Every structure is written in C-alpha cells, then in structure tokens.
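Colleague: coords below, sequence missing:
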C-alpha cells in the first residue's frame, strides 16, 4: 500500500516521502497515529506542489547541515566515566552522554540522531559515533572514554 508520510518514521522513511508498506501496518498504525495518509492521486498532486515550493528552502538547510558536519569532522570528544583498575567502566557510555558532550562544545544534537558504532562501550579507549544531522548528511565523530 502506498502512503505519504506526514512525519519522519524510523526505518520507514522521512516526512513527505511516498513509501510502500504493508496494508495492515498502514491501516492499523501509521494512519490512525497521524503519521501518514493514503497516497491518492489528489494527495500526490498536493505533495508535488508543496515539495516544489519547499525546494529552495531545503537547499539552504542542507548547506547549513554540511557546514555543521564539517565542524564536527575535526572534533574529538572526551567522555569521563568511572572505571576500575583494569579499564572496565562501571556501567556503559551511551548516546545521552555523547549528546551532552556535544552540547558542551556548542552543538545542539538530539541523542536520537546519534548511533554508536559497534557494541556497547564498557571499556576505556577510543570509539566512533555516527551523528545524523540531516536526512542526507551524517558525520562520524570520534570520542575518547577516559577514567575519572
């Protein structure tokens, strides 16, 4: 079933995108939650018109996202964690701590847009996280977990 997404839906698509999903998923979840509408011919025409009007605004947003990605490229974060003598962390480092460290550097990034590459971080060392700034722009940020 073809639908037009009204909002970003993780692992389905982004706002104003026409996607094909299973009919039950669309009827029972996406449409009742207000996340999508059925992609009828009239709805498709309205979508084309709004996309045409929004195209030049989107270019400006994309340029800003690329500029932010360039600033993040050279950034090296330090995240402090309590650790034992053998380098094991009590607990683990998660996206919330990375988002807070980015906030201290002046970057306002939501934790939902950060994914840690690899398994959970339970030891001191250097790691990499992927930060999604825009739907077409993502940047890897390296960070070091140090003992406090």
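Modeller: Alright, I've got the coordinates. Remember, it's a predicted structure, so these values are computed and weren't measured experimentally.
Colleague: if we go by neighbour counts, what in the lengthiest helix in the chain is buried?
Modeller: As assigned by DSSP state H, the longest helix anywhere in the chain is helix 41-73. Of the residues in helix 41-73, 47, 65, 68, 69, 72 count as buried by neighbour count, 16 or more other C-beta atoms under 10 Å. C-betas here are computed from N, CA, C, even on glycine.
Colleague: residue 135: which of those is nearest?
Modeller: Residue 135 lies nearest to residue 65 out of the buried residues of helix 41-73, by C-beta to C-beta, at 9.0 Å.
Colleague: which ones are touching the residue nearest to the closest one when sequence neighbours are not counted?
Modeller: Nearest non-adjacent residue to residue 65, counting by C-beta to C-beta, 6 or more residues apart in numbering: residue 134, 3.7 Å away. Taking C-beta atoms under 8 Å, 6 or more residues apart in numbering, we find residue 134 in contact with 61, 62, 65.
Colleague: what's next to stretch 61-81, contact-wise?
Modeller: By C-beta under 8 Å, 6+ apart, the residues outside stretch 61-81 that reach it are 89-91, 93, 97-98, 101-102, 105, 107, 124, 131, 133-134, 136-139, 141-148.
Colleague: give me the buried subset of these.
Modeller: Buried positions within the contacts of stretch 61-81, assessed by neighbour count (16+ other C-beta under 10 Å), are 89, 93, 97-98, 101-102, 107, 124, 131, 133-134, 137, 139, 141, 143, 145.
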